[in-house]
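K.L.:
This is the structure alone, sequence omitted:
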């Protein structure tokens, strides 16, 4: 507990900046909540969405609370030093709590902001855009503020042993992110697919029609999946790259290596605020102009950040290479934005898909796979180039690992803005849904679809960013693992390591199988319920009776949460089994395999899904005959296939990679201490395997 | 040239057994050709298929001859010793020649056997089955006979330096396999998809209707893809595991370590003959009985092989662990057969897909992906278990690598039978096609569809076998690379190695993108031509005019071959660039990454495609309303998506893995010798990159 109250102007400044971030978040929230809510009908719908979303989060937290308690107790035993042990367990709970708090507050605000955006859209595009963006920015600023606050407090208390406690903090955030991403992802797509299959296809009623019992669940899903899930995911990467940078920075550069990352995070709070406040669409009702306003702010924030990196590197370390490393991260994020935009936007790959829609759904699927497969290559080359650049900068391998962590830090400097851009999506989507459900007329009906379209683009591009940052974070953790495990290297040619590597590579495939299956099963339950309501309550179709929205919301919640067990157990138990049975070096091979296939699969699923989605939209905008034609139907098939890939299975790989790396990092002291396995170990290993096998077979019932 | 004529009873016995294999092949061929060919109409169709298939192979060999010449010259420079240099270049050409010879002779016989099988089916199921199997067995026996002959001759001539020459032999076979697999795979699916889209969907005429101009090309495709392509692929694995076993056996066990693999191959010739001669369907016209006859022979051949392994291990090395290692390979092949059968046969995964067909094509695609993703996990665990078992058997890593190579040897002991089973497929398919095209009546029409159905099953299961054996072969080569490069290990945590590893993992994704795209483009050309013929020759539809089959055959040939360049260049140039730019250890990481994602992707594509195919067949057999219903249409979409995945992109990964490993093995002395890159190196690297980029952009025109 050394130095807990010691005066330290540097740390004080960082602490203050984290508090500034949090204050700005609440100021933004207050300014959003001060806006008018519109008519009663609109408020009622917004209320129903909020109730459903809160019910989901509440049940989710109740479900996972016992798991968190068990893991906190387990973490206590991963450190022989009682002070560190308490710290680690406490930091774990704090990480989980912060992550949950960001999700809850951000989502709550989003579900209050949606109706206000609908109302604002009645007057102008510019005011609706800036309101939606401000609401999203609340989540963004909370993410950066709380992330920095937690890390700084831990560092202030523990100093040189802070990293051992920080791993617990990162793990808490990661685990919650896993639950939020996977559970929210399953929820959102099950409700979406369920609503569409019965509503649009069987009953031939439009999207967001109030007669569809799943329509509120669909809106709830946008919030729990895109808003809470994504915020938790980015909070996790934000946290975890900082943890890795502190671990590796301490080993390679001493104190300056630790202070620089903290200062970069504080800088990021400032540049994020700058970016958020400068989003200004100049009042025009144009999609292009709205998008440009966001891009301009991002560019401004990035440029100021880069200048700041050099100032800080000079002041703290006197070594400009640190600034170059963080700048590489910004370059990587721009490269990833461009790649995602090229693959999923209205360029050649999507045009090729629309062309193939003339020969039916099979050729739509195949051409999507062609561009999806090739996009993975570019994404991995961008990440490879980042690692190589760090290596050229710092020829010593361990220092190069620090360089990679710094690139991750640089990439995530703009987290505040990125989260804002992403949360903007579900808010705009909900605002549009509320307008349709409440049947309002006038200007808002022409403004909101444009806002929604911008939201779709920002959601798609931030997904690519989230994957790349997760991979960089995982690579940094992987290098920290090596340093913590005291391994000289990971010799992939050694048989046990190679086997660990093969198993690691298979995990993202298993995980994807589980998450896609969960969406199907859960969607099937939604379909059955919506069909039942249409059948047993004939007044619904005539409009004389209201469907029971809450029942669908409740059912989707239960079924999404029950599908969580198998993927979560895979993420925690498999690395432990590999580590104890095949030893620490094989676990290193395992992690490398996971990072490789996880990155490739996530990019494949997210980009292919995004491209199919946009191909459908291009046809709906009139290409090849527009809505209702055979080409349109073919692209609807592509979009339906892509939905669970791009919104559930693909993004769920991000927390998977980080959680598995953190489990390894936390368990490695135990593995190193355990040279031979005793009977107790074998009993635990057998129990773990049985739990895993049971939950896997159950999920394939 | 020591000992070229030295008397050596052991090597003489092995040489004789390889010659016995070749003699049996010709004896089988003669007995097939002695059977009656049937009516003139049948003979004409068979002739057209044969002409088309030969034209394809001829043009293929003409196209690749200059490439072979250039590479032979290049190989000459990979060895500083002129005797070895000549040997390596010569062995390379011999490997390519043998592989080509097997494809040409086997395919020629298949195209002569098809019509005889149609004729035999007029009298009984049993005689048609055994005739088709004998014709397939010709290719099988040629594969094992020529493979063993080449390796034994090289060993006889070069003795202790034989492995350096054998690598050239393996590379020749591999490279030809790459061309045959990829070119044949593109050809067969482009013709198939093209014929179906215009014939079945646009013109609503049945499959194999003589009015469809692409129908002969479709039959030709079965031969060049399934028959010649698969034989070359297995010849390559057969060759390459032997090369790896000889390299690693010499290092770890000395002479016995080299003689044992050779003896196992000779044993395999004998047990393959035994298996082939005991296939006897007992005259009944039942699918189950026909399949059982094949399984019984396989089991007999496997059991005798295992007994033989122990006898040989005792006699040659006095170490029974060698026999256990080869037996593990047989166990692995049985495990892979069962897994493939479970995923693609009429079990739960395929039933799930048929159930999802009631909600349309999107859910068919998704449920196929669910089972495909999870099947990759089991397949990789089976391979991991093989490696671990070898490691438990031989705790020293290098010896464990020899154990893995021996497992591959054991697995491929039954190559003769496996190739027979696979070649049986296109022969039965063609026999059925000839019956439909020639309009014959009677018993044959009920016998041939059953034969075709058995052929589909054997084709599907041998695909899983081909992947697993390719992966084991690649792992063995990877370990040989390590030993040849003089590396102590491959430290995946080292930045340059990690980047090599990322790039390696991306290659199978790039490759799949290229091959799927090639099928689409080539199918599009076929569609345009068939449409043109229907339009400009109105007599075709009425049956008064014959379509120009040859034109479609020719066009498919040209377009399949032009699509070959990009994937082939990727396989050769990318490992060279990684090796020279990032050095030998990074190339090791590259190879590991490729093996991992290659295995996963190949199993995913082959199993998912096979499952969609069988789901469609189950519905066609009457489930959920049968042909023409909405569920049927949904599964047709699944099948069309699966076709290029399971028959082109998936299997093409097998030779890719082996070729890249062999390129590494051949180039490693140059890399080790090149510590710093001179101007010449940079010019070569730039030229290689430019050629690669040019061919990639051209293929995405």
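P.N.:
That came through fine. Source: prediction; values computed, not measured. Numbers count the residues shown, from 1 in each chain, chains lettered A, B, ... in the order given.
K.L.:
Could you find the closest non-adjacent residue to the residue in the stretch 551-700 of chain A that chain B sits nearest to?
P.N.:
Closest residue of the stretch 551-700 of chain A to chain B, Cβ to the nearest Cβ: residue A:640 (3.6 Å). C-beta here means a position set from N, CA and C on the backbone, and glycine is covered the same way. In this structure, residue A:640 finds its nearest non-sequential neighbour in residue B:362, 3.6 Å apart by Cβ to Cβ, 6 or more residues apart in numbering or on different chains.
K.L.:
ok, so what distance separates that neighbour from residue A:628?
P.N.:
17 Å (Cβ to Cβ, to the nearest Å).
K.L.:
Between the two, which is the more surrounded one?
P.N.:
Neighbours were counted for residue B:362 and for residue A:628 using other Cβ atoms under 10 Å in any protein chain shown; residue B:362 has more, 25 against 8.
K.L.:
mind listing what residue A:103 touches?
P.N.:
Neighbouring residues of residue A:103 by Cβ atoms under 8 Å, 6 or more residues apart in numbering or on different chains: A:57, A:176, A:180, A:227, A:228, A:229, A:231, A:232.
K.L.:
6 Å - rerun?
P.N.:
A:180, A:228, A:231, A:232 (Cβ atoms under 6 Å, 6 or more residues apart in numbering or on different chains).
K.L.:
again with residue A:501
P.N.:
Remark: with contacts taken as Cβ under 6 Å, 6+ apart, residue A:501 is in contact with A:492, A:589, A:593.
K.L.:
Could you do residue A:327 as well?
P.N.:
Residues A:306, A:309 are the ones in contact with residue A:327 under the rule Cβ under 6 Å, 6+ apart.
K.L.:
Show me the shaky parts of chain A.
P.N.:
A:1-7, A:281-285, A:699-701 (pLDDT under 70).
K.L.:
can you tell me which helix in it is longest?
P.N.:
Determined from DSSP state H, the single longest helix within chain A is helix A:565-620.
K.L.:
if I look at residue A:386, how far off is chain B?
P.N.:
Per Cβ to the nearest Cβ, to the nearest Å, residue A:386 is found 9 Å from chain B.
K.L.:
mind checking which helix or strand that residue is in?
P.N.:
Using DSSP states H and E, residue A:386 sits within helix A:361-393.
K.L.:
ok, then the element right after that helix?
P.N.:
helix A:397-411.
K.L.:
and the angle for that next one with helix A:361-393?
P.N.:
Direction vectors for helix A:397-411 and helix A:361-393, defined by axes from the mean of the first three to the mean of the last three Cα atoms, to 10 degrees, enclose an angle of 120 degrees.
K.L.:
Now helix A:397-411: buried residues?
P.N.:
Of the residues in helix A:397-411, A:397-411 count as buried by neighbour count, 16 or more other Cβ atoms under 10 Å in any protein chain shown.
K.L.:
immediately after that helix, which helix or strand?
P.N.:
Sequence order places helix A:415-438 as the next helix or strand after helix A:397-411, per DSSP H and E.
K.L.:
Say whether chain B is contacted by whichever helix or strand comes after that following helix.
P.N.:
Where DSSP H and E defines the elements, the next helix or strand beyond helix A:415-438 is helix A:444-485. Yes. Legend: contact between helix A:444-485 and chain B by Cβ under 6 Å from any Cβ of the partner chain is shown at residue A:482.
K.L.:
and the angle for helix A:444-485 with helix A:397-411?
P.N.:
On the basis of the same axes, to 10 degrees, helix A:444-485 is oriented at 160 degrees to helix A:397-411.
K.L.:
so how far is the helix or strand encompassing residue A:631 from its chain's centroid?
P.N.:
For residue A:631, the element it lies in under DSSP H and E is helix A:630-644. Distance of helix A:630-644 from the chain centroid (Cα atoms, centre = their mean, to the nearest Å) equals 24 Å.
K.L.:
which residues of chain A fall in strands?
P.N.:
Applying DSSP state E to chain A gives no strands.
K.L.:
counting contacts, what elements does the helix holding residue A:631 pack onto?
P.N.:
Counting contacts by 3 or more Cβ pairs under 6 Å, 6 or more residues apart in numbering or on different chains; DSSP states H and E, helix A:630-644 packs against helix A:361-393, helix A:565-620, helix B:361-393.
K.L.:
Skipping its backbone neighbours, what lies nearest residue A:531 in space?
P.N.:
Nearest to residue A:531 is residue A:198, by Cβ to Cβ, 6+ apart, at 5.9 Å.
K.L.:
Please report how far the one you found lies from residue A:215.
P.N.:
For residue A:198, the distance to residue A:215 - Cβ to Cβ - is 11 Å.
K.L.:
between these two, which one's more packed in?
P.N.:
Using other Cβ under 10 Å as the criterion, residue A:198 and residue A:215 rank with residue A:215 on top: 27 against 22.
K.L.:
Contacts only, for that one.
P.N.:
Each residue near residue A:215 by Cβ under 6 Å, 6+ apart is listed here: A:195, A:208.
K.L.:
Then the one 3 residues further on?
P.N.:
By Cβ under 6 Å, 6+ apart, the contact set of residue A:218 is A:191, A:192, A:195.
K.L.:
if we go to 10 Å?
P.N.:
By Cβ atoms under 10 Å, 6 or more residues apart in numbering or on different chains, residue A:218 lies in contact with A:49, A:187-196, A:199, A:207-208, A:212, A:429-430, A:433, A:526, A:552-553, A:556.
K.L.:
cool, and residue A:351?
P.N.:
A:367, A:614, A:615, A:618, A:623.
K.L.:
Look up the closest residue to residue A:180, ignoring the ones flanking it.
P.N.:
Nearest in space to residue A:180, with sequence neighbours left out and distances taken as Cβ to Cβ, 6+ apart, is residue A:232 at 4.1 Å.
K.L.:
So that neighbour is in contact with residue A:142, correct?
P.N.:
No. Using Cβ atoms under 10 Å, residue A:232 is not in contact with residue A:142, being 11.4 Å away.
K.L.:
Spit out the residues that contact residue A:198 and residue A:215 alike.
P.N.:
By Cβ under 10 Å, 6+ apart, residue A:198 and residue A:215 have these common neighbours: A:205, A:530.
K.L.:
quick revisit: for residue A:664, state which of the buried residues of helix A:397-411 is nearest.
P.N.:
Residue A:664 lies nearest to residue A:401 out of the buried residues of helix A:397-411, by Cβ to Cβ, at 15.2 Å.
K.L.:
which residues sit in contact with the closest one?
P.N.:
Contact partners of residue A:401, counting by Cβ under 10 Å, 6+ apart, are A:244-245, A:247-248, A:251-252, A:387, A:390-391, A:394, A:475-476, A:478-480, A:482-483, B:493-495, B:498.
K.L.:
hmm, 6 Å instead?
P.N.:
Residue A:401 neighbours (Cβ under 6 Å, 6+ apart): A:248, A:479.
K.L.:
Would you mind measuring from it to residue B:479?
P.N.:
Counting by Cβ to Cβ, the gap from residue A:401 to residue B:479 is 27 Å.
K.L.:
Tell me which residue in the stretch 101-250 of chain A sits closest to chain B.
P.N.:
residue A:197 (6.3 Å).
K.L.:
Which residue, other than its chain neighbours, is closest to that residue?
P.N.:
With Cβ to Cβ, 6+ apart, the residue lying closest to residue A:197 is residue A:527, at 5.7 Å.
K.L.:
just checking, that neighbour touches residue A:192?
P.N.:
No. In this structure, residue A:527 is not within contact of residue A:192 by Cβ atoms under 6 Å, at 11.7 Å.
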